[in-house]
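*Asks:* return a 3D structure for these sequence lines:
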Amino acid sequence: TVQVFKMAMFLLCLVLFTASHIGASNIKGSSQQNDAMKPNIVYFLVDDLGYANVGFHNDEPITPNIDMLATTGIQLDRFYTFKFCSPTRSSIMTGRLPVHVNQQNHPPPEPGGGVPLNMTTLATKLSSVGFECHQIGKWHCGMSSADRLPVSRGFKTSFGYLSGAEDHYTQTRDGFVDFWRDDGPANQFNGTSYSTFMYTTEVLNIIENRVPSLPQFIYMAYQNVHGPVQAPLNYTDKFPNVTYAPRQGCLGMILAVDESIGHIVKALKDADMFNNTLIIFTSDNGGPHDHANNWPFRGSKGSDFEGGVRVAAFLNGGIIPPSQRGTHRTFMMHVCDWYATLGALTGFTPDDPKAAAAGLPAPDSINMLDYLMGTTPTGSRMDMCLSGGAMTASGYIKTINGSDFKLVRGTQGTSFFPGPHMPNSTNDGGNSSLDCGDGCLFNLTGDPIEHIDLAANPSYKDILAEIQHAAILCDASSYQSPGKASADPAASQAARNLYGGFWGPWQKNGSSTPVVPPTPPSGGFFLKIGTACLTYKSDERLSNVLLGNCDQGSKWTTETLYDSYGNIETTGALKNVYVSTKYGYARHSPPSGNCGQDVTIVIGEETDSVYTKFTKSTDGTILLKANDCPGMCIGAGSATDALNAILVPCNSSLANKWTQTFEL
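*Replies:* Just a heads-up that it's a prediction; the model follows:
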């Protein structure tokens with residue numbers, strides 16, 4: 001049975017670990033290495049891992065290597081992150097709470113975001129005290145200019161993808177490949193293997209080929225278990241009794257991660273590195289409701305409830321004092337605290353003069369080293385702004401009178417209470433949003449599952465007011481890294497023309513806003529009605545498309561459409577195309593599903609709406625048919641009025657007036 005197999009694997013791992021660990025060092029260094037040698041640091045960051053997707057928290061996953069490391073190390077029971085991907089990674093790299101660095105996910109074509117250029121990264125700090133730093137897997141800390149890439153932010157080497165998600169086998173996203181080695185496309189590797197396998201091989205090669213006299217920082221940011229849910233059959237087949245495919249796929253994906261970690265830990269031991277290594281294991285946020293599981297905690301990825309932000313985490317490695325093995329830390333810690341904690345371990349100071357000179361927020365990181373290593377009985381973090389500022393849904397934790405109280409504000413996308421074996425075909429928790437308004441209040445010390453909202457209880461009136469005030473101060477201090485939440489067409493132009501089909505940086509170093517791309521190609525055209533042209537109100541996201549003056553800024557192009565993971569959907573030369581201008585892509589608003597007459601056309605995201613362009617043979621005029629709205633086309637009113645472009649019936653005279661011309 002699965003349980004017998006799990007127990008056998010765990011016991012085998014435990015025996016091998018114990019045998020190899022006899023004589024291991026403590027925090028002061030390995031007896032097999034120079035006492036002055038700084039400890040190696042290996043950070044296993046698992047993407048979208050649910051709290052219950054590991055064997056040491058649940059009976060369903062098969063994770064013997066992870067379980068062995070957790071149970072023979074130090075488990076971090078109150079470890080917090082942001083509720084989704086890029087902000088957590090920005091927090092790790094800068095030592096800031098996400099509210100003071102970045103609370104946005106930026107897909108490949110969006111400029112800026114991630115870690116601001118004037119903030120000093122963890123890798124840069126570690127490099128300054130002698131480390132060789134290596135980034136493997138997911139980056140998601142900025143990619144629009146070369147100075148945002150890992151090798152420009154303190155890492156000696158980099159191998160992985162720059163944005164937030166992609167196909168695990170082809171490494172494609174939105175029509176192009178997202179796979180990068182150091183300062184160029186990894187075009188010898190994409191499509192050759194499952195991503196977790198390639199990243200494992202990369203780490204093994206780093207360990208084998210390292211400079212032995214230099215400490216190593218290996219930042220292994222797995223793509224698993226982020227969607228798309230994909231795993232080789234020999235991993236998912238280990239769960240024959242799990243009939244719900246998304247859950248079975250997720251279990252297979254974490255099993256692949258467990259196997260990878262087992263190989264890497266063995267390599268560390270074979271290379272005589274383990275005894276002078278700190279291993280950190282965490283997720284970047286709670287697991288998604290559709291395939292992962294955060295039992296027993298409420299909510300999921302994207303939510304400020306515990307299921308979205310409280311994650312599985314532990315420490316291991318030879319520097320853990322023997323007396324601390326098998327212990328738990330129950331005081332809260334935030335992912336940003338690694339910055340100061342690793343500074344104390346390795347000798348760098350966690351300040352950031354470069355950021356201070358630029359007027360940017362200082363690091364929020366708290367040194368937790370003494371608490372983690374058992375020399376201090378309590379942690380020193382007494383509050384935690386999980387999210388805030390421009391975020392309409394947010395969370396704040398504060399220790400008051402010896403208890404940890406949590407304020408949850410706004411509409412939370414998920415608020416369900418999961419079972420140990422979820423999701424399933426009956427319930428994945430997705431339809432469970434909850435509006436907390438100005439605040440739901442929970443006592444996490446007595447109610448970690450967040451069952452009882454105390455906000456309306458008069459006995460907690462003062463506590464509610466105190467934590468609401470703290471949250472408002474957090475809002476006022478928020479900072480978002482510069483960028484723009486809309487696609488820059490120059491990004492796909494660079495992918496196509498500069499990098500041979502790979503996403504990559506397209507802006508000049510130091511830039512964080514869209515640049516005007518080169519002169520439109522010969523295929524660019526104007527769409528005219530009389531003397532007016534189809535244009536747009538401004539360069540802002542969701543700007544209205546309308547009739548206006550004809551100038552070079554109102555030139556349009558068409559582009560072939562791909563699906564989210566790179567499969568071509570074109571069925572004809574001018575069918576299934578984006579209609580785009582230099583600032584973005586035309587779409588009907590709201591997108592997909594609203595097909596009524598007079599729905600306005602706006603400049604939106606790259607993947608929002610798809611049209612088919614027909615040239616009428618009778619008079620040469622153009623029809624722009626909305627593919628997801630049968631019988632509807634882009635139309636406009638008379639040429640004498642600057643009217644918004646709208647959806648109209650294709651047989652209407654309003655849809656039959658477009659004339660295509662390449663010159664004014």
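
*Asks:* pLDDT of stretch 420-427, averaged?
*Replies:* Mean pLDDT, stretch 420-427: 91.

*Asks:* could you list the buried residues of that stretch?
*Replies:* Residues of stretch 420-427 classed as buried: 421-423 (neighbour count, 16 or more other CB atoms under 10 Å). To be clear about C-beta, it is placed using only N, CA and C from the backbone, and glycine gets the same treatment.

*Asks:* let me know the closest of those to A636.
*Replies:* Proximity of these to A636 (CB to CB) peaks at P423, which lies at 45.7 Å.

*Asks:* element containing the closest one?
*Replies:* In this structure, P423 sits in neither a helix nor a strand according to DSSP states H and E.

*Asks:* pretty sure it contacts H289?
*Replies:* Yes: between P423 and H289 there is a contact under CB atoms under 8 Å: 6.4 Å.

*Asks:* okay if I get the buried residues of stretch 420-427 as TSV plus distance to T201?
*Replies:* Output for the buried residues of stretch 420-427, formatted as TSV (distance: CB to CB, whole Å):
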residue	distance to T201
H421	33
M422	33
P423	32
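
*Asks:* same for the host helix or strand of D462, what does it pack against?
*Replies:* D462 belongs to helix 461-476 when assigned by DSSP H and E. Judged by 3 or more CB pairs under 8 Å, 6 or more residues apart in numbering; DSSP states H and E, the packing partners of helix 461-476 are strand 383-385, strand 394-400, strand 403-409, strand 440-443.

*Asks:* from the buried residues of stretch 420-427, pick the one nearest G501.
*Replies:* Closest to G501, out of all of these and judged by CB to CB, is P423, at 35.3 Å.

*Asks:* now do the contacts for the spatially most central residue of the chain.
*Replies:* Nearest to the geometric centre of the chain sits C85, at 2.5 Å (CA atoms, centre = their mean). Residues counted as contacts of C85 (CB atoms under 8 Å, 6 or more residues apart in numbering) are 47-48, 105, 138, 140, 164, 226, 284-285.

*Asks:* export these to TSV and tack on secondary structure, distance to N316 and neighbour count?
*Replies:* Listed next are the contacts of C85 as TSV, based on DSSP: H, G, I helix; E, B strand; the rest coil; distance: CB to CB, whole Å; neighbours: other CB atoms under 10 Å:
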residue	secondary structure	distance to N316	neighbour count
D47	coil	20	25
D48	coil	22	27
N105	coil	30	17
K138	strand	22	29
H140	coil	25	28
G164	coil	28	21
H226	coil	24	25
D284	coil	19	28
N285	coil	22	30
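
*Asks:* mind listing the strands for the stretch 151-300 of the chain?
*Replies:* 157-161, 172-173, 176-177, 180-181, 184-185, 216-221, 277-283 (DSSP state E, counting those that start in this stretch).

*Asks:* let me know which of these is the nearest to S145.
*Replies:* In terms of CB to CB, the element of the strands of the stretch 151-300 of the chain nearest to S145 is strand 180-181, at 13.6 Å.

*Asks:* list the helices and strands that closest one packs on?
*Replies:* Packed next to strand 180-181, using 3+ CB pairs under 8 Å, 6+ apart, are strand 157-161.

*Asks:* pLDDT on the strand it packs on, on average?
*Replies:* 98.

*Asks:* show residues contacting that strand.
*Replies:* For strand 157-161, the external contacting residues (CB under 8 Å, 6+ apart) are 134-139, 149-151, 171, 173, 178-182, 186, 198-199, 202, 206, 221, 223.

*Asks:* can you do 6 Å?
*Replies:* With CB atoms under 6 Å, 6 or more residues apart in numbering as the test, strand 157-161 has contacts from 134-137, 150-151, 178-179, 181-182, 202.

*Asks:* ok, so of the residues you listed, who is nearest T600?
*Replies:* For the contacts of strand 157-161, the residue nearest T600 by CB to CB is D178; the value is 32.4 Å.

*Asks:* looking at the protein, which helix or strand is least sure?
*Replies:* strand 577-581 (a mean of 53; mean pLDDT, DSSP states H and E).

*Asks:* quick check, pLDDT for S522.
*Replies:* 45.

*Asks:* any regions of the chain where pLDDT drops low?
*Replies:* 1-36, 512-524, 537-543, 552-554, 557-594, 597-598, 603-618, 637-642, 656-657, 663-664 (pLDDT under 70).

*Asks:* now with 90, please.
*Replies:* For the chain, applying pLDDT under 90 flags the ranges 1-37, 106-107, 109-111, 113, 174-175, 390-392, 425-427, 483-493, 496-497, 508-664.

*Asks:* pull out the buried positions in the longest helix along it.
*Replies:* Determined from DSSP state H, the single longest helix within the chain is helix 245-270. Using 16+ other CB under 10 Å as the test for burial, helix 245-270 gives 246-262, 264-269.

*Asks:* one more: stretch 392-404?
*Replies:* 393-400, 404.

*Asks:* so can I have CSV of those showing distance to I463?
*Replies:* Putting those into CSV (distance: CB to CB, whole Å) gives the following:
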residue, distance to I463
A393, 21
S394, 18
G395, 16
Y396, 12
I397, 12
K398, 9
T399, 11
I400, 5
D404, 11
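
*Asks:* nearest to F502, of those residues?
*Replies:* For the buried residues of stretch 392-404, the nearest to F502 is A393 (34.9 Å; CB to CB).

*Asks:* do you know how far the closest residue to the closest one other than its chain neighbours is from I467?
*Replies:* In this structure, A393 finds its nearest non-sequential neighbour in G410, 3.5 Å apart by CB to CB, 6 or more residues apart in numbering. Distance of G410 to I467, computed by CB to CB, to the nearest Å: 15 Å.

*Asks:* for T341, same thing?
*Replies:* Counting by CB to CB, the gap from T341 to I467 is 26 Å.

*Asks:* which of the two has more neighbours?
*Replies:* T341 (24 against 21; other CB atoms under 10 Å).

*Asks:* how near is the more buried one to N367?
*Replies:* 5 Å.

*Asks:* beta-bridge partners for the closest residue to T327 other than its chain neighbours, please?
*Replies:* Spatial nearest neighbour of T327, excluding adjacent residues (CB to CB, 6+ apart): I74 at 5.5 Å. According to DSSP bridges, the residues that bridge with I74 are L315, T327.

*Asks:* quick one: I74 from A456, how far?
*Replies:* 39 Å.

*Asks:* which residues are in contact with K508?
*Replies:* Here K508 is in contact with no residues (criterion: CB under 6 Å, 6+ apart).

*Asks:* could you check how far it is from Q135?
*Replies:* 23 Å.

*Asks:* and for E208?
*Replies:* With CB to CB as the criterion, E208 and Q135 are 18 Å apart.

*Asks:* so for these two, which sits in the more crowded spot?
*Replies:* Neighbour totals were compared for E208 and Q135, and Q135 leads with 28 against 10 (other CB under 10 Å).

*Asks:* surely that one is within a strand?
*Replies:* Yes: assessed with DSSP: H, G, I helix; E, B strand; the rest coil, Q135 lies in a strand.

*Asks:* right, and it touches M220 too?
*Replies:* No: counting by CB atoms under 6 Å, Q135 sits too far from M220 to count as a contact (8.8 Å).
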